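*Asks:* Sharing a sequence plus its predicted fold:
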Amino acid sequence: MPTSSSHSARAHSFNAAAAQYAANRPSYPPAVFDAIEELAGRPFAGARVADIGAGTGIATALLHRRGAHVVAVEPGDGMAAEFRRAHPAIPLVRGNGNALPLADSCADFVTYAQAWHWTDPARALPEAFRVLRRGGALALWWNLEAQDVPWIAEQTDRLRRHYGEDVVVSWGSRAPGTSALPAFTAALETAATDVTPRCVREVVRWSRRVPLDIHLANLGSHSYFLVHGPERGAAFLAEERDHLLRRFPDGTVEEVYDVELLVTTVS
């Protein structure tokens, strides 16, 4: 389990690499947003959405394009600056999920894309439910590397050997291939709220084909690279380039993801 200091260092590490993050991280397929709408029983079009831990705005922009009235909440200086540069028309406020700078019952959806694991669930859940209107939905999702794809499993093993089992995790203290649902369900059961939540899990598989340089830059934008310094990361990425060129001799990598989606409706 990571210490609070190491967890905080990883959470803030993205601010120095915000442009790299924005340029190389994967987006999310339309099927993820379709699933959220179906499970919530209402469309994003016309809905008021609070996107928490918005980062550089990858998910926020997609919500905006679906017709949502979305406000982004982001704690980091570097990420917020990149967000404002890329999405000047979308409102952004500074804050984090443990103490949302938003009014009671102001949102139809509260969303966390690749960000819930940086919160303290005991504080973040009551805050999300405070901000949600009755009948609203809390949606959390993560792009997870598909570990049943042989080359991805092999890469994960190399990362584990280079950085250690306690560092190479998909989020928080969760190892690759495990589900967020049990921990989240336990947090729901102990949350000090007056709502009756119902949580549903779905998994959406998708892929993208990118140049090798994009794949390596995406890899290098993860927190375990950022907190351990550029020299250690460069050594791994140089070796990884050789491994991947043997697997993908044309220099195009097919990244395969399973988006784990948790949608909690409240009544």
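*Replies:* Everything's here; your move. Residues are numbered from 1 along each chain as shown.
*Asks:* Could you use CA atoms for every contact and neighbour count after this?
*Replies:* OK.
*Asks:* report the longest helix in this structure, please.
*Replies:* helix 230-247 (DSSP state H).
*Asks:* Skip ahead from it and say which helix or strand is next.
*Replies:* strand 252-266 (DSSP states H and E).
*Asks:* what is the orientation angle of that next one with helix 230-247?
*Replies:* 110 degrees (axes from the mean of the first three to the mean of the last three CA atoms, to 10 degrees).
*Asks:* For residue 236, which non-adjacent residue is spatially closest?
*Replies:* Of all residues beyond its chain neighbours, the one nearest residue 236 is residue 162 (7.4 Å), with distances taken as CA to CA, 6 or more residues apart in numbering.
*Asks:* Please apply the same query to residue 114.
*Replies:* Nearest non-adjacent residue to residue 114 (CA to CA, 6+ apart): residue 142, at 4.8 Å.
*Asks:* Return the residues in contact with the spatially closest residue to residue 29 that is not a sequence neighbour.
*Replies:* Leaving aside its chain neighbours, residue 29 sits nearest to residue 206 (7.0 Å; criterion: CA to CA, 6+ apart). If you count contacts by CA atoms under 8 Å, 6 or more residues apart in numbering, residue 206 has them with 29, 256-259.
*Asks:* thinking again about what came up before, am I right that the residue nearest to residue 114 is in contact with residue 262?
*Replies:* No - look at residue 142 against residue 262 with CA atoms under 8 Å: they stay out of range, at 9.3 Å.
*Asks:* For residue 69, give me its contacts.
*Replies:* Applying CA under 8 Å, 6+ apart, the residues near residue 69 are 45-49.
*Asks:* again, only using 7 Å
*Replies:* Neighbouring residues of residue 69 by CA atoms under 7 Å, 6 or more residues apart in numbering: 46-49.
*Asks:* try residue 255
*Replies:* 207-209.
*Asks:* Residue 216 now?
*Replies:* Contacts of residue 216 by CA under 7 Å, 6+ apart are residue 237.
*Asks:* And it, how far from residue 156?
*Replies:* 13 Å (CA to CA, to the nearest Å).
*Asks:* what does residue 139 give?
*Replies:* The value you get for residue 139 to residue 156, if CA to CA is used, is 27 Å.
*Asks:* Report the buried residues of the longest helix of the chain.
*Replies:* For helix 230-247, the neighbour count (16 or more other CA atoms under 10 Å) marks 233, 236-237, 241, 244 as buried.
*Asks:* And for stretch 64-81?
*Replies:* 64, 68-81.
*Asks:* what about that stretch, average pLDDT?
*Replies:* Averaging pLDDT along stretch 64-81 yields 96.
*Asks:* before we move on, back to that, show me what the longest helix of the chain is in contact with.
*Replies:* For helix 230-247, using CA under 7 Å, 6+ apart, the contacting residues are 216, 220, 225, 251.
*Asks:* Grab the most central residue of the chain for me.
*Replies:* residue 114 (0.7 Å; CA atoms, centre = their mean).
*Asks:* okay but that residue is in contact with residue 141, surely?
*Replies:* Yes - if you go by CA atoms under 7 Å, residue 114 and residue 141 touch, sitting 6.0 Å apart.
*Asks:* Tell me where the model's unsure across the stretch 151-267 of the chain.
*Replies:* 165-175, 228 (pLDDT under 70).
*Asks:* Now with 90, please.
*Replies:* 160-180, 182-183, 189-198, 220-235, 266-267 (pLDDT under 90).
*Asks:* follow-up on the earlier one: which one's more surrounded, residue 139 and residue 156?
*Replies:* Legend: neighbour count by other CA atoms under 10 Å for residue 139 and residue 156, higher for residue 139 (25 against 17).
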